[in-house]
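*Asks:* what's the 3D shape of this:
(one chain, ligands or ions: 1)
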Amino acid sequence: MTRPPNDPPPFDNPTLVAARADLVRELRRFLPEDAVLIHEEEVRPYECDGLSAYRQLPLLVVLPRTVEEVQRVLRLCHARGVPVVARGAGTGLSGGALPAPDGVLLSLARFTRILDVDPLARTARVQPGVRNLAISEAVRPHGLYYAPDPSSQIACTIGGNVAENSGGVHCLKYGLTVHNVLAIRIVTMDGEILELGGQALDSPGYDLLALFIGSEGLLGVTVEVTVRLLPIPERAQALLAAYDDVTTAAQAVGDIIAAGFIPAGLEMMDGPAIQAAEDFVHAGYPTDAAAILLCELDGTNREVSEQLAAVRDLLLAGGATEVRTARDEAERQRFWQGRKAAFPAIGRCSPDYYCMDGTIPRRRLPEVLRRTAELSDEYGLRVANVFHAGDGNMHPLILYDANQPDELARAEELGGRILELCVAVGGTITGEHGVGIEKLPQMCVQFSPEELSQFAAIKTAFDPEGLLNPGKGIPTPRRCSEYRQLPNRPSPVSSPAP
Ligand SMILES: Cc1cc2nc3c(=O)[nH]c(=O)nc-3n(C[C@H](O)[C@H](O)[C@H](O)COP(=O)(O)OP(=O)(O)OC[C@H]3O[C@@H](n4cnc5c(N)ncnc54)[C@H](O)[C@@H]3O)c2cc1C
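*Replies:* As a prediction, the model looks like this:
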């Protein structure tokens, strides 16, 4: 990844300081004092998202409370040609919410209301700053929940989930954000309100809702989301299978699906991830295992009992050294607590880590894990794997130390090669974390120049001046031709994919 220009903070740049003073004057005509942050110490917390190697102070931060205020902010910025970057909780891992140095950071943090729950229709209408987990907590009294559950669900917002088309443990069975959102309300860069989707399963015309979900804040600002809710299953049961080698565990993932089971979750952790999670949350994981699979089955009591026995047999026949069924709800929660805390747990083992996100066809898991281990040795950087195995959504976590000269650059190069390996085996460079600034070079590998120009045309249709989240998601043709011509660009695969 090419580093963004290391612009001096706007506070040192006389042109930007003047532009900001003018903008602040206009913003304060309709926003209260506490909704416009301009001092360095106030805007510093917004300088990065979860990809914290990249930092940039914004010109200023606005925290509107109403849709009308969002419209007015966008109209003003549109009229003055000022870039705008929307932000939810800032947990994104691809730099999507990295501010523009000459732009406004538009935080949706004050849009935290659940507007309406309809238990009969099984829907909830929520504001974009509502935390993912808060939706399930709010609808639990109705026996309902919101299925997509990113591991960051305690903090990340539904607006961010829509922008990234986020996934989670339960997405194997219940689908990603795009499959669980019925409608959204957005404000375009020129302040117009658009309603996309509706209460019915289909709507006439092009499916702009699907186009918008996963568009990483490039097309509009989400100000309301209607989500689909599901009944809490009668029973959920988790199995933990241990393996003495990673390849056997990876093969078991395909075996389960091939046998006709769609678990509610099917996650894999390798040795370093198991050890880190166990040290951190004491989930009861077998720390001598080379890999574990966590498999959750849900449904009616009878369905779950039948599937449990069959999946258990399958896992043992497929080479598991041990299969444990969670004895009670507390143990089931502990199994998942270890998985959900795995990223911060890895963070305790290394000064820094870089989380990759690529998706591959499930059957290619064994070879991609093998090749990732070889690349890890080649680069002299440890890699831990903890991921949505059932979806083929890999999350290699590259451990590095930013204080060591060159380690970040090496970690990024290694990450890039893993992503290109995903493309080479028929997969994609992102499963759920988006492209942001992180994966711009690999977009040039995944897509042809013609495809990329179609993406740019869609962006232009919504935002002709290119003011919303500029420089993210879609690489310029020039950048791609430079990247493709890099001398000695290493091949990601040792042998061509069959
Ligand atoms: C520990 C950890 C675990 C994670 N696990 C998962 C996981 O299991 N699955 C997964 O999918 N992701 C995961 N993530 C990544 C991240 O949490 C998701 O991408 C999440 O959806 C980001 O939400 P956010 O509110 O933090 O958005 P932000 O980081 O604030 O923004 C993300 C993008 O959305 C845009 N955006 C935000 N709000 C709006 C809005 N209202 N309108 C328009 N654009 C908007 C921003 O401009 C940016 O491009 C994880 C992150 C961490 C740190």
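*Asks:* Going by C-alpha atoms from here, please, whenever you check contacts or count neighbours.
*Replies:* OK.
*Asks:* Who are the contact partners of the nearest residue to Gly92 once chain neighbours are set aside?
*Replies:* Spatial nearest neighbour of Gly92, excluding adjacent residues (C-alpha to C-alpha, 6 or more residues apart in numbering): Gly50 at 5.2 Å. Going by C-alpha atoms under 8 Å, 6 or more residues apart in numbering, Gly50 touches 90-95.
*Asks:* before we move on, what about Arg65?
*Replies:* Counting by C-alpha under 8 Å, 6+ apart, Arg65 has contacts 108, 110-111.
*Asks:* on that earlier part again, which ones, among the contacts of Gly50, also lie beside the ligand?
*Replies:* 90-93 (C-alpha under 6 Å from any ligand atom).
*Asks:* how near is Thr112 to Pro58?
*Replies:* 23 Å (C-alpha to C-alpha, to the nearest Å).
*Asks:* Tell me how far Asp327 lies from the ligand.
*Replies:* Check again: residue 327 is Arg, not Asp. 25 Å (C-alpha to the nearest ligand atom, to the nearest Å).
*Asks:* Tyr285 is in contact with Arg334, correct?
*Replies:* No: assessed by C-alpha atoms under 8 Å, Arg334 is found out of contact with Tyr285, at 9.4 Å.
*Asks:* These two - which one has more neighbours?
*Replies:* Tyr285 (20 against 17; other C-alpha atoms under 10 Å).
*Asks:* thought the more buried one was touching Ala273?
*Replies:* No: counting by C-alpha under 8 Å, Tyr285 stays clear of Ala273, with 10.4 Å between them.
*Asks:* farthest-separated two in the contacts of Gly50?
*Replies:* Maximum pairwise distance among the contacts of Gly50 (C-alpha to C-alpha): 10.4 Å, between Gly90 and Ser94.
*Asks:* on that earlier part again, quick one, which of Thr112 and Pro58 is more surrounded?
*Replies:* Neighbours were tallied for Thr112 and for Pro58 using other C-alpha under 10 Å; the higher tally belongs to Pro58 (27 against 17).
*Asks:* so who does the more buried one touch?
*Replies:* Here Pro58 is in contact with 9-10, 43, 46-47, 99-105 (criterion: C-alpha under 8 Å, 6+ apart).
*Asks:* Let's verify Pro272: helix, strand, or coil?
*Replies:* helix (DSSP: H, G, I helix; E, B strand; the rest coil).
*Asks:* Give me the spatial nearest neighbour of it, chain neighbours excluded.
*Replies:* Nearest to Pro272 is Ala384, by C-alpha to C-alpha, 6+ apart, at 5.5 Å.
*Asks:* Gln446 now?
*Replies:* With C-alpha to C-alpha, 6+ apart as the criterion, Gln446 has its nearest non-adjacent residue at 6.4 Å, and that residue is Val423.
*Asks:* Distance of the one you found relative to Leu105?
*Replies:* Taking C-alpha to C-alpha, one finds Val423 at 33 Å from Leu105.
*Asks:* The two: which is more packed in?
*Replies:* Counted by other C-alpha under 10 Å, Val423 and Leu105 do not tie: Leu105 has more neighbours, with 28 against 22.
*Asks:* The more buried one touches Gly90, doesn't it?
*Replies:* No: contact criterion C-alpha under 8 Å: Leu105 and Gly90 do not qualify, at 11.3 Å.
*Asks:* Common neighbours of these two, please.
*Replies:* Listed as contacting both Leu105 and Gly90 by C-alpha under 8 Å, 6+ apart are Tyr46.
*Asks:* Look up phi and psi at Leu414.
*Replies:* phi -60, psi -40 (degrees, to the nearest 10).
*Asks:* quick one, what contacts it?
*Replies:* Per C-alpha under 8 Å, 6+ apart, neighbours of Leu414: 375-376, 379.
*Asks:* please redo it, this time with the cut-off set to 10 Å
*Replies:* Listed by C-alpha atoms under 10 Å, 6 or more residues apart in numbering, the contact set of Leu414 reads 356, 372, 375-376, 378-381, 383, 398, 408, 420, 490, 492.
*Asks:* What's the local residue count around the nearest residue to Pro231 once chain neighbours are set aside?
*Replies:* Counting by C-alpha to C-alpha, 6+ apart, Leu144 is the residue found nearest to Pro231 once chain neighbours are left out, at 4.4 Å. By other C-alpha under 10 Å, the residues close to Leu144 number 21.
*Asks:* Then Arg55?
*Replies:* Arg55: 18 neighbours (other C-alpha under 10 Å).
*Asks:* mind pulling up the phi and psi values for it?
*Replies:* Torsion angles, degrees, to the nearest 10, at Arg55: phi -130, psi 140.
*Asks:* Distance check, it against Asp313.
*Replies:* For Arg55 relative to Asp313 (C-alpha to C-alpha), the value is 50 Å.
*Asks:* got the residues of the chain near the ligand?
*Replies:* So the chain meets the ligand at 49-50, 85-93, 96-97, 108, 128, 150-152, 156-157, 159-161, 163-164, 166-168, 216-217, 220-223, 343, 432-433 (C-alpha under 6 Å from any ligand atom).
*Asks:* Narrow the residues you listed to those in strands?
*Replies:* Under the assignment DSSP state E, those contribute 85-87, 221-223 to strands.
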